[in-house]
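Asker: using only what follows, build the 3D model:
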Amino acid sequence: MNLFFTNDVEHTSVNGNTFERIADQVEQVALPRLLDLYDQYGVHSTFFILGQLAEIRPNIVRMIAEHNQEVASHGYCHDYRRAFDVLSLDEQIQELRESKDRLEQIAGQEVVSFRAPALRVNHDTPLALKEAGYRFDSSIAPQRLDAFMSLGGKNKKQWLGAPRAVYETANDNLARRGQSTIIEVPVSSYGVPYIGTVMRLSPHVMNAVTRQMLYWETKNTDKPITFLFHPSEAVHELPEESVALHRSNSVLGHLFSDIIRAKIKQKHLNLTALDLLESELQYWTHREGKFICVKDARLSPRNSKR
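Answerer: Numbers count the residues shown, from 1 in each chain. Predicted coordinates for the structure are as follows:
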């Protein structure tokens, strides 16, 4: 079975720590440890990197490339006011091209894969990806039920009907099959997403059940498993710098998106997160999983319309 262990490389903070401090910790501590862990288990992985972070810490990109991992785009910034679901087509194309060019210059490898910050996309994103020279996307999480608690949740309702296998997207909807040249590698979920946050929040209950359900589903099908992790989860944040973000205009949105989610994300950070991640790698290694990059995803005959 194919496994995509993917990583969103950001310098955003759980507690409100400064961007500079998180960037330093990711570059000097978290990323080297993570790359060594992947090397130990023979993991070929994809790193979706913010262009903003690549500009201020280009060595992060170089380290990832030197470890023979895929360098991919995570857009330019993680500002919720500049999310892809609120940008126009032209704005998306410009940001995608700038991110691609910058990452390619640093890494010395072609960038063909993309994941939107906070998985927020709109009907223009498939065309923007095509125009900017991308071939793969990983911004859809089929049947992920907690999406409505996050920013951009209104657009994410389309995830409920999204395919669970690798597929060619529609020209105006990444969550639907179609005739676009963009190939979607969806983030796995079974109601509960298969991501680092859930792994840290409930490693022996929610994460273990989700993982087992995905294994049973994948064992006899062509559906891959895609895990999402943030190197910043392996950073030690300073609780004294904690601040309450206020990004949503509604009371409920602020409660779920800014307060509850922030509290949840603070559990088992730092080295504990890497220990839990190693347990995931051991689980799949014992089941003879094959760790591959997003750019190496292939359609099965039943999912190709060409």
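
Asker: my guess is V192 is in a strand, correct?
Answerer: Yes. The assignment for V192, made by DSSP: H, G, I helix; E, B strand; the rest coil, places it in a strand.

Asker: that one contacts Q143, doesn't it?
Answerer: No. Counting by C-beta atoms under 8 Å, no contact exists between V192 and Q143, whose distance comes to 9.7 Å. The way it works is simple: take the backbone N, C-alpha and C, and place the C-beta from them, glycine included.

Asker: show me the shaky parts of this structure.
Answerer: For the chain, residues meeting the criterion pLDDT under 70 lie at 13-17, 147-153, 237-268, 301-306.

Asker: R298 contacts E168, correct?
Answerer: No. If you go by C-beta under 8 Å, R298 and E168 don't touch, sitting 11.6 Å apart.

Asker: more crowded one of those two?
Answerer: Neighbours per residue (other C-beta atoms under 10 Å) separate R298 from E168, with E168 holding more: 18 against 12.

Asker: surely the more buried one is within a helix?
Answerer: No. With three-state DSSP as the criterion, E168 is assigned strand and is not in a helix.

Asker: where along the stretch 201-306 of the chain do the helices fall?
Answerer: Counting by DSSP state H, counting those that start in this stretch, residue ranges of the helices within the stretch 201-306 of the chain are 206-219, 251-253, 261-264, 271-286.

Asker: among the ones you listed, which is nearest V9?
Answerer: helix 271-286 (14.5 Å; C-beta to C-beta).

Asker: now the closest one and helix 206-219, what's the angle there?
Answerer: With axes from the mean of the first three to the mean of the last three C-alpha atoms, to 10 degrees defining the directions, helix 271-286 sits at 20 degrees from helix 206-219.

Asker: so which bits of helix 271-286 are buried?
Answerer: By neighbour count with 16 or more other C-beta atoms under 10 Å, helix 271-286 contains the buried residues 273-274, 276-277, 280-281, 284.

Asker: residues near A208, how many?
Answerer: One way to gauge burial is a neighbour count; for A208, by other C-beta under 10 Å, it gives 14.
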